[in-house]
Every structure is written in structure tokens, then in C-alpha cells.
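fold the following.
(chains A and B, ligands or ions: 2)
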Amino acid sequence: MGWSLIRVWTLLVYLFMFLPIAVVVLLAFNANQFGSFPMTGLSLRWFDELFQNEAILRALRTSLTLGALTALISTTLGVLASLALVRYDIPFRNTISTILIAPILVPEVVLAVALLLFLQFLGIHKSFTLLLFGHVIFTLPFVILVVQARLVGIRRDVEEAAMSLGASPIQTFFTITLPLLTPAVAAGGLFAFTISFDDITDTLFWKPGGVETVPTQIFAMLRNSISPEINALGTLMILITAGLPLIGLAISRKLAMRRDRAG
Amino acid sequence: MSAVTLSNISKQFGSFTAVEPMSLDIPEGQFVTLLGPSGCGKTTTLRMIAGLLDPTGGEITIKGRRVNDLPIHKRNLGIVFQNYALFPHKTIADNVGFGLRYRNVSKEDAARRVREALELVQLPHVADRYPSALSGGQQQRIALARAIVIEPDVLLLDEPLSALDANLREDMRVELKKIQHRIGVTSIFVTHDQAEALAMSDQIVVMSDGRVEQVGPPEEVYNAPASEFVANFLGASNILPGQCTGRQNGTVVMDTPLFGTVPVPAEKAPNVPGAGAAKLVLRAEKLQLVPKGQADPDQISAEAVVETVDYQGQAVRYFVCSGDTQLQAINMIDTRPFAEGDSVSIQFRPRDCAALPGA
Ligand SMILES: Nc1ncnc2c1ncn2[C@@H]1O[C@H](COP(=O)(O)OP(=O)(O)OP(=O)(O)O)[C@@H](O)[C@H]1O
Ligand SMILES: [Mg+2]
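Ligands and ions are numbered 1, 2, ... in the order given. Below you'll find the model as predicted:
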């Protein structure tokens, strides 16, 4: 009796969480003018219109560029920071680690306002570069957490063995450490990309005039009307943010399987 | 020529001294073991030779070249680690061939040398596998192949057998020694297992608390220990207080309260002064229990009572009491062992004893 109640409750919670998303996806394929039920037929016209809409396409390009650059810079910095924190005996290790992780703990709005005020104090104008800089700051902790966890698991003596065999420290990093870190680096990069791609709070504060990302574009469109195009755009975003990690997972599974089969 | 020379090398971690200044000369082709209890500085010493730790003081030369300032990847060493340290993302062939990539070796030559190394460790059929598909013993053989394929000037091994189970450990011990002998590479082996050290080494360096206690071939370290520590670390010994009363016919004459006069061979008492306080070292395996009154008149004997019997299969370890002195004896047995409370005679030959200076 108790268990079936829990089951029903769980189901309800899931419905509550996913029903709105399902509705958005469903309505994206609605042939009707208005983005609401009842559906009058299936069609791809909203997607079609989406790809005719210059503003949206520009926002999509901005988001993809921003996400990709954020991922690239965050993983590079994240790997270097993790190496320094885990492998080298640097002073104030714990303090530095806390500071790097802190952006996760600070409420987004606070972080957004803080950086904005700081930039104003310095007299720097908002620009795409600064937006990118901001995204790197709040995605970096995720990368560091993932990479650090993996790096701790890579035994030091494996690297020492490589060096004893004649590989310089840099050669050792590229032939041994980095390949062993790859799953974590990929995961960190995907994290950074999706977090950046999804973000609206920080972006609203930091984006220079005239630049829109997909979330801020949707936000702007909502102010006028609820166009079915937004459903289509939402569906596209879900596809990208949920699809990328899934693809990544599938690729890493496949790689791991190939290694096992050869073994 | 010496393969490796350590001159007064030492290591401090902050104010803690892990290795006190030590000097050692290792001839080409020798198998030298650093033996000592946990924490005595064996790994620290080995890592200084490898270039993984900077010595606080002293000088290290390999093949006549000072290497203090040479980073590890330029020292041409083979290292075998306790936990194998194979590269998990590379095949066995790539693991073994790794070091050859950093040397001027053609592709065909490299492939041939990898094959030969795998044959040497008797695993020619695993070249295409990944390390995770090998057993611990196999992984350690691959680690050995990887270290020797580069023809290192010195092979360093830090407790390479201690992650293996007991039976495999003994097989690997024999095989490792055989391979080392075949290729003649100078080897420095770290262990805390006295049986391993005795079985494999040309020279044993016994260490304790960062100090070298004794350096010598296995028989010498075993039979003529230079300190009480060495006497007890390699097997069990009875250390009996006494007096040295003089030298006579190549023996050092010891006077002990329990056994009276014992003439110890002079070569087993090198540091005992002509007269004064000294200690008699009597190995537990050399002290024999016989039924009371049946002691061999040619041996030195005393009366005793059996206190504890520790049956170990083909051998028994007895603790016996003679007067108020407790002694330990390890005897091979082929009949029923003595029982607790039995009155016995204990006996030994003076030539099996050693003596140490001091009270
Ligand atoms: N990086 C370090 N910092 C401080 N102390 C250290 C460091 N490395 C080793 N020590 C200390 O130096 C001493 C010698 O250590 P070492 O690892 O050489 O011992 P070992 O003889 O190899 O012991 P084991 O048989 O347990 O491996 C130990 O007391 C150890 O705690
Ligand atoms: Mg050690």
C-alpha cells in the first residue's frame, strides 16, 4: 500500500517536471497558428520559419560560438589549474582551490551584478569578449571538479615510468596524462558548453547591446507574444543540450568497448 | 668500473632526516638489495638514484658521470614499480616499446626488440592486449620487459614482488634473478623481505632509520651481523651479554654467564675489542634442543625448560628458559616436538656464533 503510494507520487513528480517540456516539443509540430491545444495537425512549418528568421539564426550562431569558445577556454584553463592543484606543491593550494570553485556557490545574480559593477568600476565597456570571459568564470569550476577527480585517480608512478623511459615532462603529459584524462576533459567541455548555451541570468547582465543568445532571444520574443516559433526553438535547444552529452557518452562507450574487445 | 656510486648522499624532509649521509659503490652487473623495515629510507634512496628526488647533500654518479643535475628522463634507467605502473591506454607492445620511441631506433629494430623482450619474460602472445587483460604477475613481467628493452645502465626495482601472492612471488623471484643474470644489468632492488634479499642479492645493504647498518654479501650479513639490529632483522637471534677475555687461535674468547667460555671465530667478531664488554649472537636456528642430559659433549650446552612451542610444520620455534634468560630456538623436526614444561638440554657449536662489541 505504502509503496504504491510512493510510486504514484514519483510518477506525479516526473509528470510535473517533464510534462511542460513534452508540451513544448509537441506544440512545436502543431500546424495551428496559435501555440496552443487542440492541435490541428502535424507540420514542420515553425521550424521552417525559424530558419527564415534572421534574428534567431544570428542568436543561434552567437550561442554556438559562445558555447564552443567557452568550452575550449574553460577546459584548457581547467586542465592546467587541476594539474597545478593536484600535481604540484603550490603554496595556498586550498585557498586557490576554494576561490576557483566559489562561482558555483555564489548565487548567479550576485555573481552577475558583481562582475558588472567591477567592469563599470574599471571603466570597461561590455563586449562579446567580456561575455565570454564571464561564461568562462562560471563554467570553470565544473571543469575543474571533473578533471581534478579524474587526475587524482591517475597514479603518479605511471607518469614517472614514462619519464624514466626517456619522455620529458611535456612529452609525458601529451602521451600519458592527457590521453588518460580525455574522458574527464570531454565531460568538462560538454558541461561548459551546455551551461554556457543554457545560461540566461548572467548573459542578460553581461551581453553588450545588440548581441542576443538563444535564451535572451527567446526571452525578448516572449515579451511580445507567444509565437509557436518559440516552441520550435525550445525543441531545438533541448535537442542540443540533451543530445550533445548523449552523443559524447555514446562515443566514449564505443571507445571503451573497442579497448575491451582488443583486450 | 663502478656502475653506480653514492657519495654521502642524504635526504631531509624539512627537519626530518629520511636518509643520513650514505656511501655505496655498486660494481657493474651486480644485484644489490636495499633491505630494511618500513620507513627506513629505502624508497627515498632509490628515488634519489632515479632522479625523482633531489638529494639534500652528496653526489650520485652513474657509469662515472655525475647525475645530480640530470633529470630522470636523461638518466637511462629502467624502473620497475611495486604496482606495475603500466600505461592502461596502450597495448602491451606499445607499453614495452615506449622507451624506444625516445631513442634512435628504427621501426623494424624496435619491433624486433619488443618481441625479444616479450620472449624473455615468456609472454610473447600478449602483445596486442591491454594491461587490464593481464594478471598481476603477467603485468609485472611486462613492466620488467618495458624497463629492460631500453638497455638501461641501471635497473631499479622498488618492491616489485610485494603486490603478488606468496607462491607467485617465489616463482617470480627466481625468474627475475635469472633474467637479471642473463642480461647482466646492474640492479638495485628494494625489499623489506629478508628471504628475498638473501636469495637474490650479490650484496645486501641493510638499513634502519635512515642509516646503513651493514653492507655485504648475503652469507656475511647473515652469519656475521655487524649490529644487533642486523642480527635480529635477518632471522631471529639470541643476544647474550658477556665479556671478551682475549684472542686465541683465530678465535675471540667470550665469557658468558649462561654458557661459560665460548670461542667465537675471529672473522665473525671483527669489531670486538681485545678485552671488555661484548655480546654473543646466537642464531635461533643454531640453538638445538635435545632431551635432558643427552647434550653432545663437543658442543656448548646448558639446561633449560620449554616455555612456548610454536609448531610450524617442518620446523618448530621454541621459547625456552635457562635460569632467568629466555632464549629462542628454531629446530627442524622429524618426530614429535618437545612439549611445554619439558626439561631439556640446549646446545650449539661455538663456530656458529658471532660476537658484537658493547654491553
Ligand atoms: N615526501 C615526503 N615528505 C616527508 N616525509 C617523507 C616523504 N617521503 C618519505 N618520507 C619519510 O621518510 C621516511 C623514509 O621513507 P621511505 O619511503 O624511503 O621508506 P621505505 O624504507 O621505502 O619504507 P616502505 O618499506 O614502507 O616502503 C619515512 O619515515 C617517510 O615517512
Ligand atoms: Mg618504500
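
check which helix or strand covers residue 94.
As the question left the chain open, I've gone with chain A. Element membership for A:Asn94 (DSSP states H and E) is helix A:93-105.

hmm, I had chain B in mind actually
Element membership for B:Asp94, per DSSP H and E: helix B:92-97.

for ligand 1, what's its nearest residue on the stretch 51-200 of chain A.
A:Asp89 (9.2 Å; CB to the nearest ligand atom). (Each C-beta comes from the backbone N, C-alpha and C, glycine too.)

name the residues that touch the helix holding B:Asp94?
Identification of contacts with helix B:92-97 by CB atoms under 8 Å, 6 or more residues apart in numbering or on different chains yields B:86-87, B:110-111, B:113-114, B:117-118, B:123, B:126-131, B:134, B:142, B:145-146, B:149.

give me the buried entries from the residues you listed.
By neighbour count, with 16 or more other CB atoms under 10 Å in any protein chain shown, the contacts of helix B:92-97 hold B:86-87, B:110, B:113-114, B:117-118, B:123, B:126-127, B:129-131, B:134, B:142, B:145-146, B:149 as buried.

sitting in strands, which of those residues do you find?
Nothing among the buried ones among the contacts of helix B:92-97 maps onto strands, per DSSP state E.

in helices, which of the contacts of helix B:92-97 fall?
B:110-111, B:113-114, B:117-118, B:142, B:145-146 (DSSP state H).

can you list those in a markdown table and add pLDDT and distance to chain A?
As requested, the ones in helices among the contacts of helix B:92-97 are exported to a markdown table (pLDDT from 0 to 100; distance: CB to the nearest CB, whole Å):
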| residue | pLDDT | distance to chain A |
| --- | --- | --- |
| B:Ala110 | 95 | 13 |
| B:Ala111 | 95 | 17 |
| B:Arg113 | 96 | 13 |
| B:Val114 | 96 | 13 |
| B:Ala117 | 94 | 13 |
| B:Leu118 | 95 | 16 |
| B:Ile142 | 96 | 11 |
| B:Ala145 | 95 | 12 |
| B:Arg146 | 96 | 7 |
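
next, count neighbours for B:Gln347.
21 (other CB atoms under 10 Å in any protein chain shown).

pull up the pairing partners for the helix or strand where it lies, direction included.
Using DSSP H and E, B:Gln347 maps to strand B:343-348. The strands beside strand B:343-348 in its sheet (DSSP bridges) come out as strand B:288-291 (antiparallel), strand B:300-311 (antiparallel).

residues contacting B:Arg317?
For B:Arg317, the contact set (CB under 8 Å, 6+ apart) comprises B:236, B:284, B:309-310, B:328-330.

try it again with 6 Å
Counting by CB atoms under 6 Å, 6 or more residues apart in numbering or on different chains, B:Arg317 touches B:310, B:330.

run the angle between the helix or strand harbouring it and strand B:300-311 for me.
Using DSSP H and E, B:Arg317 sits in strand B:315-322. For strand B:315-322 against strand B:300-311, the angle by axes from the mean of the first three to the mean of the last three CA atoms, to 10 degrees is 130 degrees.

next structured bit after strand B:315-322?
Sequence-wise, the next helix or strand downstream of strand B:315-322 (DSSP H and E) is strand B:325-332.

which residues does that next one contact?
With contacts defined as CB under 6 Å, 6+ apart, strand B:325-332 is touched by B:236, B:238, B:258, B:284-285, B:287-289, B:315-320.

where does the stretch 51-200 of chain A dip in pLDDT?
Filtered on pLDDT under 70, the stretch 51-200 of chain A yields no residues whatsoever.

ok, which residues in it are in contact with chain B?
A:157-158, A:161, A:163-168, A:179-180 (CB under 6 Å from any CB of the partner chain).

circling back to that earlier point, spatially, which two of the contacts of strand B:325-332 are the most separated?
B:Leu258 and B:Ala315 (23.6 Å; CB to CB).

map the structural domains onto the sequence of the chain.
You didn't pick a chain, so chain A it is. A:1-43, A:54-262 (automatic domain parsing).

you looked at the wrong chain, it should be chain B
B:2-223, B:236-357.

show me how far the longest one is from its chain's centre.
If I follow you right, that is domain B:2-223. Mean-position distance between domain B:2-223 and its chain equals 14 Å (CA atoms, centre = their mean, to the nearest Å).

near chain A, which residues of chain B?
Counting by CB under 6 Å from any CB, the residues of chain B close to chain A are B:72-73, B:77, B:79, B:81, B:85, B:89, B:98-99, B:102, B:129-130, B:132-133.

what helix or strand is the residue sitting nearest the centre point of chain A located in?
Nearest to the geometric centre of chain A sits A:Thr194, at 2.1 Å (CA atoms, centre = their mean). Using DSSP H and E, A:Thr194 falls within helix A:178-198.

list the buried residues of the strand holding B:Arg317.
For strand B:315-322, the neighbour count (16+ other CB under 10 Å) marks B:316-320, B:322 as buried.

do stretch A:163-179 as well
A:163-167, A:172-173, A:175-177.

will you turn these into JSON lines that also has distance to B:Ser208?
Converted to JSON lines, the buried residues of stretch A:163-179 look like this (distance: CB to CB, whole Å):
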{"residue": "A:Met163", "distance to B:Ser208": "30"}
{"residue": "A:Ser164", "distance to B:Ser208": "28"}
{"residue": "A:Leu165", "distance to B:Ser208": "33"}
{"residue": "A:Gly166", "distance to B:Ser208": "35"}
{"residue": "A:Ala167", "distance to B:Ser208": "36"}
{"residue": "A:Thr172", "distance to B:Ser208": "35"}
{"residue": "A:Phe173", "distance to B:Ser208": "39"}
{"residue": "A:Thr175", "distance to B:Ser208": "40"}
{"residue": "A:Ile176", "distance to B:Ser208": "36"}
{"residue": "A:Thr177", "distance to B:Ser208": "37"}
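
what about those residues, which are in helices?
Mapping the buried residues of stretch A:163-179 onto helices (DSSP H) picks out A:163-164, A:172.

helices along the stretch 101-250 of chain A, start to end?
For the stretch 101-250 of chain A, the helices defined by DSSP state H, counting those that start in this stretch cover A:108-122, A:128-153, A:156-164, A:169-172, A:178-198, A:201-206, A:214-224, A:228-262.

nearest to B:Glu175, out of those helices?
Nearest to B:Glu175 among the helices of the stretch 101-250 of chain A is helix A:156-164 (20.6 Å), distances taken as CB to CB.

circling back to that earlier point, with respect to ligand 1, which of the strands paired with strand B:343-348 lies nearest?
When the strands paired with strand B:343-348 are compared by CB to the nearest ligand atom, strand B:300-311 sits nearest ligand 1, at 25.8 Å.

send the alpha carbons of the closest one over as PDB?
Output of strand B:300-311 as PDB, limited to C-alpha atoms (Å, rounded to 0.1, in the frame of the first residue of the first chain):
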ATOM      1  CA  ILE B 300      78.400 -26.000  24.300                       C
ATOM      2  CA  SER B 301      75.200 -26.700  26.300                       C
ATOM      3  CA  ALA B 302      73.000 -25.700  29.200                       C
ATOM      4  CA  GLU B 303      69.900 -26.900  30.900                       C
ATOM      5  CA  ALA B 304      66.600 -25.300  30.200                       C
ATOM      6  CA  VAL B 305      62.800 -25.600  30.400                       C
ATOM      7  CA  VAL B 306      60.500 -25.300  27.400                       C
ATOM      8  CA  GLU B 307      58.100 -22.400  27.800                       C
ATOM      9  CA  THR B 308      56.300 -22.000  24.500                       C
ATOM     10  CA  VAL B 309      56.000 -24.200  21.500                       C
ATOM     11  CA  ASP B 310      55.100 -22.700  18.100                       C
ATOM     12  CA  TYR B 311      54.600 -25.500  15.600                       C
END
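
what is the mean pLDDT for it?
Per-residue pLDDT over strand B:300-311 has a mean of 92.

the inter-axis angle of it versus strand B:325-332?
Using the same axes, to 10 degrees, strand B:300-311 lies at 70 degrees relative to strand B:325-332.

residues contacting strand B:300-311, please?
Outside strand B:300-311, the residues that touch it by CB under 6 Å, 6+ apart are B:258-259, B:262, B:295, B:317-322, B:338, B:340, B:342-348, B:350.
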